[in-house]
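1. I need the structure of the sequence given here:
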Amino acid sequence: MDKKTYIDTPVLFLTFNKKDTTPRVLNKILECNPKKLIVTSDGPRTKEDEDSINFLRNFIDKKSEFFEIEKQYNEENLGLKKMVSSSITKYINKYKRLIIVEDDVLPSKKFFKFCDNMLDIYQNEQRINLISGFNYLGVYLNKNAHQFSRFTDIWGWATWDDRWNNKQALTSESLSKIKSKENVFHSEEEKKYFVSNFEKVLNHDLDSWAFELVFSNFYNSRLSVLPNFNLTKNIGLGNKNSTHTKNKFKYLIQTLNIRLSIFQKTDLNSQKINVDNKFNQKYLNRVIFKNTKYNTFVYRVLKLLRKA
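-> Below you'll find the model as predicted:
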């Protein structure tokens with residue numbers, strides 16, 4: 001294998017108990033020869049978890065015979081929220097910026113180059129909070145070489161230490177403030193959706209670190225950079241070990257989308273931050289409200305195929 005470094009930014013790979021997806025994702029990361037790879041593994045909750053985790057740690061250890069891997073194996077189970085947040089904090093303070101991949105998110109090669117380049121370009125632009133490789137629309141083309149989004153996607157993403165460490169904490173007080181702020185949400189429907197999920201996190205009804213990041217981005221009016229062509233795929237959808245995602249329909253859509261990643265340019269230049277409201281509205285419809293003609297059409301096709 002050509003050991004020439006392909007990824008300059010350190011890659012943080014977050015793992016738990018997913019035997020069917022973790023090896024695939026790790027192999028894809030290693031294909032890209034990262035300069036620095038950190039693998040974290042949370043501790044087990046059950047005996048079944050313990051068996052799966054031991055299997056995966058053995059797999060990682062064997063890979064580390066050929067690749068330099070910095071490993072963190074937890075003895076106790078921290079839980080999704082604490083595990084992810086503490087791991088990112090520890091390693092982003094050490095390395096200043098990270099590309100972050102979870103154990104059920106399969107990246108394309110272009111994902112890493114896209115993140116590397118965007119991290120360089122927008123390092124000093126405080127309005128940009130993170131770089132995402134996931135574009136739920138699959139493809140979106142306008143005059144921009146990449147998109148600026150009000151929304152936060154973490155199925156393969158990257159950020160800097162100053163953005164991560166200056167997040168706005170989700171508290172009862174800060175949630176109350178965002179409810180009264182103007183121009184945060186663009187409709188009552190959008191506001192209802194996000195505020196409802198923020199309240200679930202506060203009430204411990206939802207163990208999600210991601211919605212805390214979403215909250216911070218809304219609170220501080222920060223944006224995400226997205227590729228025009230989707231660059232990652234969640235291969236854990238429909239998996240019994242998936243914490244929040246068990247939707248096979250979404251998996252099929254992503255399978256179609258990621259094949260177009262070959263068209264995404266990664267050698268891009270900085271562009272004026274111009275939020276395309278049409279893109280953001282389409283994104284909102286597809287991801288949150290799920291009421292676009294596209295979704296309806298594909299759903300009907302899949303439903304007919306299941307009956308056939």
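2. buried residues, stretch 177-192. List them.
-> By 16 or more other CB atoms under 10 Å, the buried positions in stretch 177-192 come out as 178, 184, 185, 190. For every residue, glycine as well, the C-beta is placed using N, CA and C.
3. which one of those residues is nearest to residue 199?
-> Proximity of these to residue 199 (CB to CB) peaks at residue 178, which lies at 11.4 Å.
4. C-alpha coordinates for the helix or strand residue 23 falls within, PDB please?
-> Residue 23 belongs to helix 22-31 when assigned by DSSP states H and E. What follows is helix 22-31, C-alpha atoms only, in PDB (Å, rounded to 0.1, in the frame of the first residue of the first chain):
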ATOM      1  CA  THR A  22     -16.900  -0.500  12.300                       C
ATOM      2  CA  PRO A  23     -14.400  -2.600  10.300                       C
ATOM      3  CA  ARG A  24     -15.700  -1.200   7.000                       C
ATOM      4  CA  VAL A  25     -15.400   2.400   8.100                       C
ATOM      5  CA  LEU A  26     -11.900   1.800   9.600                       C
ATOM      6  CA  ASN A  27     -10.700   0.200   6.400                       C
ATOM      7  CA  LYS A  28     -12.000   3.100   4.400                       C
ATOM      8  CA  ILE A  29     -10.200   5.600   6.700                       C
ATOM      9  CA  LEU A  30      -7.000   3.700   6.500                       C
ATOM     10  CA  GLU A  31      -7.200   3.600   2.700                       C
END
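5. quick one: work out the angle between the next helix or strand after that helix and helix 22-31.
-> Where DSSP H and E defines the elements, the next helix or strand beyond helix 22-31 is strand 37-41. Angle of strand 37-41 versus helix 22-31, following axes from the mean of the first three to the mean of the last three CA atoms, to 10 degrees, is 170 degrees.
6. for strand 37-41, what is the average pLDDT?
-> Strand 37-41 carries an average pLDDT of 98.
7. neighbouring contacts of the helix holding residue 23?
-> 11, 13, 15, 37, 39, 56, 59-60, 63, 67, 101, 103-107, 109, 235 (CB atoms under 8 Å, 6 or more residues apart in numbering).
8. can you list which of the residues you listed are found in helices?
-> 56, 59, 60, 63, 109 (DSSP state H).
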